[in-house]
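*Asks:* no FASTA, just this:
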């Protein structure tokens, strides 16, 4: 009977499949002369691969025509002249980049090796079969590009790439060999790493109030397109061209946290983006204060800023305005984000599910900004877990008890990092209000299932419930709770219990879970203590179950306890798992 109450599933976050040798990284456009271009191949298999005589071919929109430079790998096909070992790399490109195995020449120089705009670059083997391909800058093509059949894997990378020559960026697979056969989800804007791993360290959790350094310090661990994020004193102002010691274009009040803040923009004009250089995740949360302009723009001036997770952005943070399509919409953001867009008539804050980028975005919520009501310093929170999106506007950083909450389901949970960007068309820099953030917190969502949100009734599985309590919950006792009724808004306790929130509705299934916690295989480690990093894992071992349970939803969440066995006020998000055939 108990098993009839608890069907949980195993769904892989993504399928890492495709070719054994993949195009792992590509850089085709940099500032000024394009002299830092390259393509990196990677052997994702367990055996060596002879790539002698294989060809790197490039096509644009001319149907069926190989009309851009091609590059042949040295050696006759099958000669073993050029071999990639398992887990090895082969780099083709400019001699200015490190670890280049084959210097490429277009005409008489190693410049302009690959076309900058809408293009497909494919690796073709000795039988003239396409091994792997990457299509990029899809925003510059019609909705259905006329590429030769078989060249596009899923959707094209939508956005633009123009790397600076100081901190070169590239389109890189999120992990070496990561291949879901959808270019828009497989690649992100990351630091160029020819000949070495794309894999980034896990830098989460991260928290910074920006008060421990002096203004104009560069904020560490971000990659950036044109200018790095910097620390400012909000109450002082200046413009770098006239005052290099101040990156704040106009004075604003300090945030509720007080002290300094982080600003992100390029005073030279246009757009600028930054990516958090940390291991890509699907279940991730950010929470912070952000400043929304209180002074209206004038004339034709416009500006936009964005903050997102589980995806990427592109070099310029191009406008992502609902209703714009095709060539009018060059926004390359994927994943989920908060985006603010302002004109002289006012501003709107939107919660966007970007899908494949560009035309595929879905507006989940749209909030008109009313002067004196919801502008100035506001709290923004965005949390993703499996197919769930949980966002807050207003309230207090770190709290789930106040602010307006928005909950949605994402059709395609993806992976990525935190990203942010600012774009403006403003005549006078002093009128800009760049993205300004304080008390910034970034961490894995407190509870996640590693991307699993379904389980097959025919198979059954083990469900791992991964708890990420963070530094404030090191050694804290916890209880994992389960509900068949729901997970929002949960149950708010009284002030004597520190205003803690039970993250699921209490029902008979909850009581059954408490009764058999740490006894039944269904409820392993449902009561325990988080480790020295504030981490823990509860497990539910689910057997195959009757088809009658297909469609059942279950919600899980946990709370921690403080001194005196009282609830500490810390509770996780709720994760939902659905039974499928």
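*Replies:* Nice, I can see it. Small disclaimer: the values here were computed from a predicted structure and weren't measured.
*Asks:* For the stretch 351-500 of the chain, which segments are assigned as strands?
*Replies:* Assignment of strands within the stretch 351-500 of the chain using DSSP state E, counting those that start in this stretch yields the ranges 362-369, 376-385, 388-393, 404-409, 417-425, 435-444, 447-448, 454-456, 461-468, 477-483, 491-492.
*Asks:* Pull up the pairing partners for the first one, direction included.
*Replies:* The reference is to strand 362-369. strand 346-353 (antiparallel) (DSSP bridges).
*Asks:* List the buried residues for stretch 473-484?
*Replies:* 473, 476, 478, 479, 480, 481, 482, 483, 484 (16 or more other Cβ atoms under 10 Å). (Each C-beta comes from the backbone N, C-alpha and C, glycine too.)
*Asks:* Please convert those to TSV, extending it with distance to residue 358 and pLDDT.
*Replies:* Output for the buried residues of stretch 473-484, formatted as TSV (distance: Cβ to Cβ, whole Å; pLDDT from 0 to 100):
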residue	distance to residue 358	pLDDT
473	40	80
476	43	88
478	42	93
479	44	94
480	40	95
481	40	94
482	39	94
483	38	92
484	39	90
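*Asks:* quick one: which of those residues is nearest residue 365?
*Replies:* Closest approach to residue 365 among those (Cβ to Cβ): residue 483, at 25.1 Å.
*Asks:* ok, and the closest non-adjacent residue to that closest one?
*Replies:* Excluding its sequence neighbours, the residue lying closest to residue 483 (Cβ to Cβ, 6 or more residues apart in numbering) is residue 504, at 3.8 Å.
*Asks:* ok, now residue 560?
*Replies:* Closest to residue 560 by Cβ to Cβ, 6+ apart is residue 476, at 4.1 Å.
*Asks:* Burial check on the residue nearest to residue 483, number of neighbours?
*Replies:* 31 (other Cβ atoms under 10 Å).
*Asks:* With residue 107 instead?
*Replies:* Residue 107 - counted by other Cβ under 10 Å - has 8 other residues nearby.
*Asks:* where's it relative to residue 113, distance?
*Replies:* 10 Å (Cβ to Cβ, to the nearest Å).
*Asks:* again with residue 134
*Replies:* Look at residue 134 and residue 113: by Cβ to Cβ, they are 14 Å apart.
*Asks:* What of residue 202?
*Replies:* Residue 202 sits 34 Å away from residue 113, going by Cβ to Cβ.
*Asks:* The two: which has the busier surroundings?
*Replies:* Using other Cβ under 10 Å as the criterion, residue 202 and residue 113 rank with residue 113 on top: 26 against 10.
*Asks:* How about the more buried one: what's its closest non-neighbour residue?
*Replies:* Distances taken as Cβ to Cβ, 6+ apart place residue 37 nearest to residue 113, at 4.4 Å, with adjacent residues excluded.
*Asks:* So what does the one you found look like in phi/psi?
*Replies:* Dihedral pair for residue 37: phi -90, psi 150, per degrees, to the nearest 10.
*Asks:* Enumerate every residue touching it.
*Replies:* 27, 28, 29, 30, 93, 94, 104, 111, 112, 113, 114 (Cβ atoms under 8 Å, 6 or more residues apart in numbering).
*Asks:* repeat that for 10 Å
*Replies:* 26-30, 92-94, 96-97, 104, 106, 110-114, 116, 163, 168, 170 (Cβ atoms under 10 Å, 6 or more residues apart in numbering).
*Asks:* and residue 295, what element?
*Replies:* Residue 295 is part of no helix or strand, with elements assigned from DSSP states H and E.
*Asks:* pLDDT score for it?
*Replies:* Residue 295 is assigned a predicted lDDT (pLDDT) of 92.
*Asks:* Quick check: it touching residue 250?
*Replies:* Yes: counting by Cβ atoms under 10 Å, residue 295 touches residue 250, with 7.9 Å between them.
*Asks:* So which other helices or strands are in contact with the helix or strand where residue 39 lies?
*Replies:* Per DSSP H and E: residue 39 is located in strand 38-43. Contacts defined by 3 or more Cβ pairs under 10 Å, 6 or more residues apart in numbering; DSSP states H and E place strand 38-43 against strand 21-27, strand 55-59, strand 83-84, strand 89-93, strand 102-103, strand 119-124, strand 130-136, strand 169-173.
*Asks:* Need these in TSV (columns: distance to residue 548).
*Replies:* Listed next are those as TSV, based on distance: least, Cβ to Cβ, whole Å:
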stretch	distance to residue 548
strand 21-27	43
strand 55-59	52
strand 83-84	51
strand 89-93	51
strand 102-103	60
strand 119-124	48
strand 130-136	44
strand 169-173	42
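*Asks:* right, so of those, which gets closest to residue 181?
*Replies:* strand 130-136 (9.5 Å).
*Asks:* so how far is residue 100 from the residue nearest to residue 113?
*Replies:* 11 Å.
*Asks:* joint contacts of residue 107 and residue 113?
*Replies:* residue 69.
*Asks:* Let me see the contact set for residue 527.
*Replies:* Going by Cβ under 10 Å, 6+ apart, residue 527 touches 477, 478, 479, 480, 513, 514, 517, 518, 538, 558.
*Asks:* Which residues does residue 541 form beta bridges with?
*Replies:* Counting by DSSP bridges, residue 541 is bridged to residue 462.
*Asks:* Run a quick neighbour tally on it.
*Replies:* Neighbour tally, residue 541, other Cβ under 10 Å: 16.
*Asks:* how about stretch 350-363: buried residues?
*Replies:* Result for stretch 350-363 [16+ other Cβ under 10 Å]: buried residues 350, 351, 352, 353, 354, 355, 356, 357, 358, 359, 361.
*Asks:* quick one: average pLDDT of that stretch?
*Replies:* 85.
*Asks:* show me what contacts the nearest residue to residue 468 once chain neighbours are set aside?
*Replies:* Leaving aside its chain neighbours, residue 468 sits nearest to residue 444 (4.3 Å; criterion: Cβ to Cβ, 6+ apart). Residue 444 is in contact with 202, 204-205, 279, 281-285, 385, 466-468, 470, 535, counting by Cβ under 10 Å, 6+ apart.
*Asks:* How about residue 319?
*Replies:* For residue 319, the contact set (Cβ under 10 Å, 6+ apart) comprises 271, 302-304, 306, 328-331, 339, 341, 423-425.
*Asks:* show me where the stretch 101-250 of the chain has helices.
*Replies:* Using DSSP state H, counting those that start in this stretch, the helices found in the stretch 101-250 of the chain span residues 183-186.
*Asks:* Which residue ranges of it form strands?
*Replies:* 102-103, 119-124, 130-136, 169-173, 187-191, 206-208, 222-224, 230-232.
*Asks:* Can you lay out these as JSON lines showing mean neighbour count?
*Replies:* Listed next are the strands of the stretch 101-250 of the chain as JSON lines, based on neighbours: other Cβ atoms under 10 Å:
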{"stretch": "strand 102-103", "mean neighbour count": "16"}
{"stretch": "strand 119-124", "mean neighbour count": "23"}
{"stretch": "strand 130-136", "mean neighbour count": "23"}
{"stretch": "strand 169-173", "mean neighbour count": "26"}
{"stretch": "strand 187-191", "mean neighbour count": "23"}
{"stretch": "strand 206-208", "mean neighbour count": "17"}
{"stretch": "strand 222-224", "mean neighbour count": "22"}
{"stretch": "strand 230-232", "mean neighbour count": "22"}
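*Asks:* so which of those strands comes closest to residue 460?
*Replies:* So among the strands of the stretch 101-250 of the chain, strand 169-173 is nearest, using Cβ to Cβ, at 32.6 Å.
*Asks:* Kindly report the domain assignment for this structure.
*Replies:* The chain is divided into the following domains under automatic domain parsing: 21-191, 206-444, 447-580.
*Asks:* can these go into JSON lines with extra columns for distance to residue 197?
*Replies:* Listed next are those as JSON lines, based on distance: least, Cβ to Cβ, whole Å:
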{"stretch": "domain 21-191", "distance to residue 197": "6"}
{"stretch": "domain 206-444", "distance to residue 197": "12"}
{"stretch": "domain 447-580", "distance to residue 197": "22"}
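*Asks:* All set now, cheers.
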